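Colleague: any chance you could fold what I've pasted below:
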Amino acid sequence: MNGILIIDKPKDFTSFDVVAVVRGCLRERRTGHTGTLDPMATGVLPILLGTATKAQSLLPDTDKEYRAKFRLGLTTDTLDITGKVLSQTSPHITGQQLEEVLVHFRGDIMQKPPMYSAVYKNGVRLYELARKGIEVEREERPVHISTLELLDFDESTQSGSLSIACSKGTYIRVICDDIGKALGCGCVMTELCRTKACGYTLKDAVALEEIRRLAPEGIEELEKFIRPVESIFSEYQNITISDKQAVRFKNGGALMLSRLRSLKAVSPSDDGRMLRVCSAGGTFLGLGAVDLNRQELTIAKLF
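Modeller: Residues are numbered from 1 along each chain as shown. Sure thing, here's the model as predicted:
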């Protein structure tokens, strides 16, 4: 079975737990996911099936979107509500004060990975060190926050929720923690839902429990949720090639740019650009990469 299954990940499941359940229900050995969600998080988790697993290293670098709940006046070692409490206060922050702080976390910012993360340090995962009580220096990384909006805030409970759209590799827990530092009172993330990833939204997702429920009824009942492999590359331009070109492309041969009728004139900025390549009949063949030096469309990946 080849394609993409969009799962609405339940709370307290790891991403690998979800992969294991899907693998068993669909009886597809080649199964993977496009990006880890913490166990406490819910939401969009695209699962790659069969030949779609080839896409893992070629995914478009699209923004991810989240809804995050937070509470002021609390800090933990994990930066979320599941961790060991490090400090607790009773702040009286107003919604206006919060709005004024959020301005500083929009756009291009630097962010330090949390100790409880899968980032490697000298060949060891940070969370492995954290579980031993070891804290090490971490280098800050550039991330982009395109949207950071306060959805609601209850001044009596000092809790609220945020809408966030951000680049790959952004830690929402760290955003909450940094907001708490900026306010001088501490802050932890209490809930997290990923509402968009790889171009898919919660509307595209199916509950993991639904997959489990339908599995005994046969693969046919599950196939209706499977999206075509090329759907994950929807942001790449699509080009159609002739039957002869399709044969060459499928055999690993590059195609001359000048002979690609469906490709408009290219510019210097197009060098290395990925394109979806389809046959005259509309069959997705794979990804090609523009090579301006050789004036060819080379093979990036065949599907």
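Colleague: how does this structure divide into domains?
Modeller: Listed by automatic domain parsing, the domain ranges of the chain are 3-61+199-231, 64-191, 236-302.
Colleague: now the last one, how far from the centre of its chain.
Modeller: Put simply, domain 236-302 sits 27 Å off its chain's centre (C-alpha atoms, centre = their mean, to the nearest Å).
Colleague: can you point out the buried residues in the longest strand along the chain?
Modeller: When the chain is parsed with DSSP state E, its longest strand is strand 141-154. By neighbour count with 16 or more other C-beta atoms under 10 Å, strand 141-154 contains the buried residues 143, 145, 148, 153. Just so you know, the C-beta spots here come from the backbone N, C-alpha and C atoms, and that holds for glycine as well.
Colleague: report pLDDT for the residue nearest to residue 104 when sequence neighbours are not counted.
Modeller: With sequence-adjacent residues excluded and distances taken as C-beta to C-beta, 6 or more residues apart in numbering, residue 104 is closest to residue 182, at 6.6 Å. Listed pLDDT for residue 182 reads 97.
Colleague: cool, and residue 169?
Modeller: 89.
Colleague: measure the residue nearest to it when sequence neighbours are not counted to residue 111 for me?
Modeller: Distances taken as C-beta to C-beta, 6+ apart place residue 143 nearest to residue 169, at 6.1 Å, with adjacent residues excluded. Distance check for residue 143 against residue 111: by C-beta to C-beta, to the nearest Å, it reads 5 Å.
Colleague: mutual contacts of those two, please.
Modeller: Common neighbours of residue 143 and residue 111 are listed as residue 170 (criterion: C-beta atoms under 8 Å, 6 or more residues apart in numbering).
Colleague: tell me the SS of residue 12?
Modeller: What DSSP: H, G, I helix; E, B strand; the rest coil gives for residue 12 is coil.
Colleague: wait, isn't it in contact with residue 40?
Modeller: Yes - between residue 12 and residue 40 a contact is recorded at 7.2 Å, counting by C-beta atoms under 8 Å.
Colleague: which of the two has more neighbours?
Modeller: Comparing residue 12 with residue 40 by other C-beta atoms under 10 Å, the one with more neighbours is residue 40, at 17 against 11.
Colleague: what's the neighbour count on residue 63?
Modeller: Neighbours around residue 63, by other C-beta under 10 Å: 17.
Colleague: partners of the longest strand of the chain, with directions?
Modeller: strand 107-111 (antiparallel), strand 159-166 (antiparallel) (DSSP bridges).
Colleague: just the element for the residue of the chain positioned farthest from its centre, please.
Modeller: Computed with C-alpha atoms, centre = their mean, the residue of the chain farthest from its C-alpha average is residue 244, at 36.9 Å. Per DSSP states H and E: residue 244 is located in helix 243-250.
Colleague: contacts for that helix, please.
Modeller: Identification of contacts with helix 243-250 by C-beta under 8 Å, 6+ apart yields 241, 255, 259, 260, 277, 279, 280, 285, 286, 288, 299, 302.
Colleague: would you map the helices across this protein?
Modeller: Ranges of helices in the chain, per DSSP state H, are 15-26, 95-102, 126-131, 172-183, 208-214, 219-223, 243-250.
Colleague: so which of those helices comes closest to residue 116?
Modeller: helix 126-131 (5.0 Å; C-beta to C-beta).
Colleague: average pLDDT for that closest one?
Modeller: 81.
Colleague: how about stretch 102-118?
Modeller: pLDDT averaged over stretch 102-118 gives 90.
Colleague: who touches that stretch?
Modeller: 36, 77-79, 83, 119, 125-127, 129-130, 135-136, 138-150, 170-171, 173-175, 177-179, 182.
Colleague: kindly check the end-to-end length of it for me.
Modeller: Chord length of stretch 102-118, first to last residue, is 27 Å (C-alpha to C-alpha, to the nearest Å).
Colleague: buried residues, stretch 6-16. List them.
Modeller: 6, 7, 8, 9, 10, 13, 15.
Colleague: please identify which pair of those residues lies farthest apart.
Modeller: 6 and 13 (15.1 Å).
Colleague: wait, doesn't residue 276 sit right on residue 233?
Modeller: Yes - if you go by C-beta under 8 Å, residue 276 and residue 233 touch, sitting 5.3 Å apart.
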